[in-house]
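Undergrad: For reference, the sequence and a predicted model appear below.
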Amino acid sequence: MNQQTYFISQITESDDGVNALLARHHADMRAGSPEESCHVMTGDELRAAGAQVFALRDGDGQVQSIGALKPFGQAVELKSMHTAREARGLGYGRKMLTHLLQAAKDQGAQSAWLETGSQEAFAPARSLYHSAGFEVCPPFGEYVEDPLSTFMTKML
(Lines give C-alpha, C1' and ligand atoms only; values in the text may rest on other atoms or scores of the structure.)
Protein backbone atom coordinates (compact mmCIF):
# COMPACT_ATOMS: atom_id res chain seq x y z
CA MET A 1 0.00 0.00 0.00
CA ASN A 2 1.27 3.46 -0.81
CA GLN A 3 1.72 5.86 2.05
CA GLN A 4 -1.29 8.14 2.01
CA THR A 5 -1.71 11.33 3.92
CA TYR A 6 -4.95 11.18 5.89
CA PHE A 7 -6.55 12.42 9.07
CA ILE A 8 -9.53 11.25 11.10
CA SER A 9 -11.75 13.57 13.08
CA GLN A 10 -15.01 13.41 14.96
CA ILE A 11 -17.77 15.29 13.16
CA THR A 12 -19.79 17.44 15.53
CA GLU A 13 -21.43 19.76 13.00
CA SER A 14 -23.11 19.22 9.66
CA ASP A 15 -20.50 18.39 7.02
CA ASP A 16 -21.43 18.08 3.35
CA GLY A 17 -18.77 15.45 2.56
CA VAL A 18 -19.73 13.28 5.52
CA ASN A 19 -23.44 13.70 4.84
CA ALA A 20 -22.92 12.67 1.20
CA LEU A 21 -21.00 9.50 2.13
CA LEU A 22 -23.53 8.64 4.85
CA ALA A 23 -26.34 9.08 2.29
CA ARG A 24 -24.51 6.87 -0.22
CA HIS A 25 -24.00 4.22 2.47
CA HIS A 26 -27.67 4.40 3.47
CA ALA A 27 -28.84 4.07 -0.15
CA ASP A 28 -26.47 1.14 -0.82
CA MET A 29 -27.64 -0.74 2.28
CA ARG A 30 -31.33 -0.12 1.58
CA ALA A 31 -30.94 -1.26 -2.02
CA GLY A 32 -29.24 -4.52 -1.01
CA SER A 33 -31.45 -5.77 1.83
CA PRO A 34 -35.14 -6.02 2.62
CA GLU A 35 -36.27 -3.41 5.13
CA GLU A 36 -36.70 -5.88 8.01
CA SER A 37 -33.07 -7.02 7.56
CA CYS A 38 -31.54 -3.58 7.03
CA HIS A 39 -30.28 -1.85 10.17
CA VAL A 40 -28.57 1.13 8.58
CA MET A 41 -29.15 4.54 10.16
CA THR A 42 -29.16 7.96 8.55
CA GLY A 43 -26.80 10.62 9.82
CA ASP A 44 -29.65 12.27 11.71
CA GLU A 45 -30.65 8.93 13.28
CA LEU A 46 -27.06 8.26 14.34
CA ARG A 47 -26.77 11.64 16.01
CA ALA A 48 -30.20 11.29 17.68
CA ALA A 49 -29.04 7.93 19.11
CA GLY A 50 -26.00 9.63 20.65
CA ALA A 51 -23.51 8.14 18.19
CA GLN A 52 -20.17 9.78 17.55
CA VAL A 53 -19.55 10.06 13.81
CA PHE A 54 -15.99 10.06 12.47
CA ALA A 55 -14.61 10.86 9.03
CA LEU A 56 -11.32 9.95 7.41
CA ARG A 57 -10.15 12.55 4.91
CA ASP A 58 -7.35 12.12 2.42
CA GLY A 59 -4.57 14.64 1.92
CA ASP A 60 -6.83 16.68 -0.35
CA GLY A 61 -9.49 16.91 2.37
CA GLN A 62 -11.92 14.55 0.62
CA VAL A 63 -13.99 12.25 2.87
CA GLN A 64 -12.95 8.70 2.00
CA SER A 65 -14.27 6.69 4.96
CA ILE A 66 -16.79 7.08 7.75
CA GLY A 67 -17.71 5.20 10.89
CA ALA A 68 -19.69 5.73 14.07
CA LEU A 69 -19.69 4.61 17.68
CA LYS A 70 -23.16 4.18 19.14
CA PRO A 71 -23.41 3.80 22.94
CA PHE A 72 -24.43 0.30 24.04
CA GLY A 73 -24.34 -0.01 27.83
CA GLN A 74 -20.66 -0.19 28.84
CA ALA A 75 -19.86 -1.06 25.25
CA VAL A 76 -20.17 0.49 21.81
CA GLU A 77 -21.79 -0.63 18.60
CA LEU A 78 -19.93 0.13 15.40
CA LYS A 79 -22.29 1.68 12.88
CA SER A 80 -22.07 3.02 9.33
CA MET A 81 -18.57 1.76 8.55
CA HIS A 82 -18.23 2.72 4.90
CA THR A 83 -15.39 3.54 2.54
CA ALA A 84 -16.02 5.35 -0.73
CA ARG A 85 -16.02 2.87 -3.63
CA GLU A 86 -13.21 4.69 -5.40
CA ALA A 87 -11.02 4.50 -2.27
CA ARG A 88 -11.49 0.81 -1.45
CA GLY A 89 -8.36 -1.27 -1.23
CA LEU A 90 -6.26 1.65 0.03
CA GLY A 91 -6.46 0.68 3.72
CA TYR A 92 -8.79 3.48 4.76
CA GLY A 93 -11.38 1.09 6.20
CA ARG A 94 -8.76 -0.57 8.42
CA LYS A 95 -7.48 2.85 9.53
CA MET A 96 -11.04 3.89 10.44
CA LEU A 97 -11.70 0.63 12.30
CA THR A 98 -8.45 0.98 14.27
CA HIS A 99 -9.37 4.57 15.15
CA LEU A 100 -12.89 3.65 16.25
CA LEU A 101 -11.68 0.81 18.48
CA GLN A 102 -9.05 3.04 20.11
CA ALA A 103 -11.60 5.83 20.65
CA ALA A 104 -14.00 3.34 22.25
CA LYS A 105 -11.26 1.99 24.50
CA ASP A 106 -10.15 5.51 25.46
CA GLN A 107 -13.74 6.27 26.47
CA GLY A 108 -13.85 3.24 28.75
CA ALA A 109 -15.88 0.86 26.60
CA GLN A 110 -15.27 -2.77 27.54
CA SER A 111 -16.35 -4.29 24.24
CA ALA A 112 -17.38 -3.45 20.71
CA TRP A 113 -20.26 -5.02 18.80
CA LEU A 114 -21.49 -4.85 15.24
CA GLU A 115 -24.01 -6.21 12.76
CA THR A 116 -23.07 -6.66 9.14
CA GLY A 117 -24.48 -8.53 6.20
CA SER A 118 -24.00 -12.26 5.68
CA GLN A 119 -24.17 -12.02 1.88
CA GLU A 120 -21.08 -12.39 -0.32
CA ALA A 121 -20.93 -8.62 -0.90
CA PHE A 122 -20.12 -8.20 2.81
CA ALA A 123 -17.28 -10.78 2.82
CA PRO A 124 -14.56 -8.07 2.72
CA ALA A 125 -16.13 -6.32 5.73
CA ARG A 126 -16.41 -9.57 7.68
CA SER A 127 -12.78 -10.38 6.82
CA LEU A 128 -11.66 -6.94 8.04
CA TYR A 129 -13.53 -7.32 11.32
CA HIS A 130 -12.25 -10.88 11.83
CA SER A 131 -8.65 -9.74 11.21
CA ALA A 132 -9.13 -7.08 13.92
CA GLY A 133 -10.14 -9.73 16.47
CA PHE A 134 -13.92 -9.71 16.14
CA GLU A 135 -15.70 -13.04 16.58
CA VAL A 136 -19.14 -14.11 15.42
CA CYS A 137 -21.71 -13.99 18.22
CA PRO A 138 -25.47 -14.31 18.71
CA PRO A 139 -27.72 -11.27 18.11
CA PHE A 140 -27.30 -8.56 20.73
CA GLY A 141 -29.35 -5.62 21.96
CA GLU A 142 -32.61 -5.39 20.03
CA TYR A 143 -31.38 -7.45 17.06
CA VAL A 144 -32.96 -10.81 16.31
CA GLU A 145 -31.67 -13.82 14.42
CA ASP A 146 -31.69 -13.07 10.70
CA PRO A 147 -30.14 -15.14 7.89
CA LEU A 148 -29.01 -11.89 6.22
CA SER A 149 -27.10 -10.68 9.31
CA THR A 150 -23.80 -11.60 10.90
CA PHE A 151 -23.23 -10.39 14.46
CA MET A 152 -19.73 -9.89 15.83
CA THR A 153 -18.06 -8.73 19.04
CA LYS A 154 -14.63 -7.99 20.44
CA MET A 155 -13.40 -7.35 23.96
CA LEU A 156 -11.42 -4.12 24.22
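TA: Yep, it's here.
Undergrad: Apart from its neighbours in sequence, what residue is nearest Leu78?
TA: Among residues not flanking Leu78 along the chain, Leu114 sits closest, at 4.2 Å (Cβ to Cβ, 6 or more residues apart in numbering). The C-beta positions use only the backbone N, C-alpha and C, and glycine is treated the same way.
Undergrad: for whichever strand or helix holds Asp28, packing partners?
TA: Under the criterion DSSP states H and E, the helix or strand holding Asp28 is helix 16-32. Judged by 3 or more Cβ pairs under 8 Å, 6 or more residues apart in numbering; DSSP states H and E, helix 16-32 is in contact with helix 43-48, strand 52-58, strand 63-72, strand 75-83.
Undergrad: For the ones you listed, please prepare a markdown table with the additional fields distance to Thr12.
TA: As requested, the helices and strands packed on helix 16-32 are exported to a markdown table (distance: least, Cβ to Cβ, whole Å):
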| stretch | distance to Thr12 |
| --- | --- |
| helix 43-48 | 9 |
| strand 52-58 | 8 |
| strand 63-72 | 13 |
| strand 75-83 | 16 |
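Undergrad: Let's have these in a markdown table, adding mean pLDDT, distance to Ala103 and mean neighbour count.
TA: Below are these laid out as a markdown table (pLDDT from 0 to 100; distance: least, Cβ to Cβ, whole Å; neighbours: other Cβ atoms under 10 Å):
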| stretch | mean pLDDT | distance to Ala103 | mean neighbour count |
| --- | --- | --- | --- |
| helix 43-48 | 87 | 15 | 16 |
| strand 52-58 | 95 | 7 | 21 |
| strand 63-72 | 95 | 6 | 23 |
| strand 75-83 | 94 | 9 | 24 |
